[in-house]
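*Asks:* I'll drop the sequence and a predicted model, then ask my questions.
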Amino acid sequence: MEQPLVSIITVTFNAKDFLEETFRSVWSQTYPNIEYIVVDGASTDGTRELIEANQDKIARWVSEPDKGLYDAMNKGIRMATGELIGIVNASDYFGKDTVEAVVQVYLAHPETGILHGNVNMLNEDGSFFKLKKPQSDDLTKGMCFYHPTCFVARKVYDKLGGFDLSFRYSADYDFLLRCQVAGIPFIYIDKVLSNFRRGGVSTTSKQAAMQEARDILVKNGFSTDYADKMLRLWERKNRKDLFLQSGYNWLKKILPTSWLNQLASVVRG
């Protein structure tokens, strides 16, 4: 089988406690032709020392101040030389055959610009919360894909650029929407590609992220009336999600973890 080079980027800042799990998930991939890139935002928790101790398994790395998550991602993309580029941030991890599964589909559809799939949502302690599958393929209705599962062809970044740093919380949505508007082909893979620990920037700043998403629609040519309509819908859904989350937190106190995981596994959305 042809084995195109795949660049995997990990962005991290003071997340040493989770970083080894992320590292192992990359180093244990069944696909062999991977270059691993680590971008650290000048952590002070021993992250740099952990990177240095494992630098024989890392193609390129940097530890220096940055302008935030998306600036760090852009640094990693500029450092990457692979034909496909995936991002797995500290605290998240891939399945062992994630890269192999993505490459197999990519080789069958080389015209594809972005491949994406399903994600296991985890609680902050790493326990399973729920499986999430895309419910739509229309990004004009919101962030319906899961960025931690996305593998992007190098040619797409060359054509459209990286993440817009004017968006602090939702630059990944802006990037994917730009790709859709530009006619970049997407392919969905019905497989769990990534495990994502909740509690990131966009999760803890949901209202700001939704407002940015509204502004992103306008930036990409949609009317303010449409953008305002979508913002109201997202806010309504967020209120529902917060209600369900409070119920989950209450059940977590009284139900055994095994029961709660079984209950969560049948909840989609």
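*Replies:* Received the coordinates, thanks. Everything numeric in this text was worked out from a predicted model, so none of it was measured.
*Asks:* C144 is in contact with L176, correct?
*Replies:* No - applying C-beta atoms under 8 Å as the test, L176 and C144 come out as separate, 9.0 Å apart. Where C-beta positions appear, they are placed from N, C-alpha and C, glycine not excepted.
*Asks:* how distant is the longest strand anywhere in the chain from the center of its chain?
*Replies:* In the chain, taking DSSP state E as the definition, the longest strand is strand 186-197. Distance, stretch centre to chain centre, for strand 186-197: 10 Å (C-alpha atoms, centre = their mean, to the nearest Å).
*Asks:* okay, L176 and C144: which has more neighbours?
*Replies:* Using other C-beta atoms under 10 Å, the more surrounded residue of L176 and C144 is L176, with 22 against 15.
*Asks:* which strand or helix spans the more buried one?
*Replies:* For L176, the enclosing helix or strand under DSSP states H and E is helix 171-181.
*Asks:* before we move on, the earlier item: now do the longest strand of the chain: which elements does it pack against?
*Replies:* Where contact means 3 or more C-beta pairs under 8 Å, 6 or more residues apart in numbering; DSSP states H and E, strand 186-197 is packed against strand 93-94, helix 98-108, strand 114-122.
*Asks:* and that strand, which residues are buried?
*Replies:* For strand 186-197, burial by neighbour count (16 or more other C-beta atoms under 10 Å) applies to F186, I187, Y188, I189, V192, L193, S194, N195, F196, R197.
*Asks:* which one in these is the model shakiest on?
*Replies:* Comparing pLDDT over these, the lowest score belongs to R197 (89).
*Asks:* ok, now which ones touch that residue?
*Replies:* R197 makes contacts with F18, S91, D92, L122, N123, E124, G126, as judged by C-beta atoms under 8 Å, 6 or more residues apart in numbering.
*Asks:* so what's the fourth one bridging to?
*Replies:* On DSSP bridges, the residues paired with L122 through beta bridges are F128, R197.
*Asks:* hmm, it is touching K132, no?
*Replies:* No - here L122 does not reach K132: they are 11.0 Å apart, not a contact under C-beta under 8 Å.
*Asks:* with just CA atoms, put stretch 52-68 into CSV.
*Replies:* What follows is stretch 52-68, C-alpha atoms only, in CSV (Å, rounded to 0.1, in the frame of the first residue of the first chain):
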residue,chain,number,x,y,z
GLU,A,52,13.0,16.6,25.8
ALA,A,53,13.0,13.1,27.4
ASN,A,54,11.0,11.8,24.3
GLN,A,55,12.5,13.9,21.5
ASP,A,56,13.9,10.8,19.7
LYS,A,57,10.2,10.0,18.9
ILE,A,58,9.3,13.6,17.9
ALA,A,59,10.2,15.0,14.5
ARG,A,60,10.0,18.6,15.4
TRP,A,61,9.0,20.5,18.5
VAL,A,62,9.1,24.0,20.0
SER,A,63,8.4,25.4,23.4
GLU,A,64,7.8,29.2,23.4
PRO,A,65,5.1,31.7,24.1
ASP,A,66,2.2,32.0,21.7
LYS,A,67,-1.0,33.9,21.1
GLY,A,68,-3.2,31.1,22.1
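*Asks:* is it possible to get TSV of the buried residues of strand 186-197 that adds distance to E235?
*Replies:* As requested, these are exported to TSV (distance: C-beta to C-beta, whole Å):
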residue	distance to E235
F186	27
I187	31
Y188	27
I189	31
V192	29
L193	29
S194	27
N195	28
F196	23
R197	25
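*Asks:* in contact with the residue nearest to T44 when sequence neighbours are not counted, which residues?
*Replies:* The shortest distance from T44 to any non-neighbouring residue, by C-beta to C-beta, 6 or more residues apart in numbering, is to N14 (6.6 Å). Applying C-beta under 8 Å, 6+ apart, we find N14 in contact with S43, T44, D45, T47.
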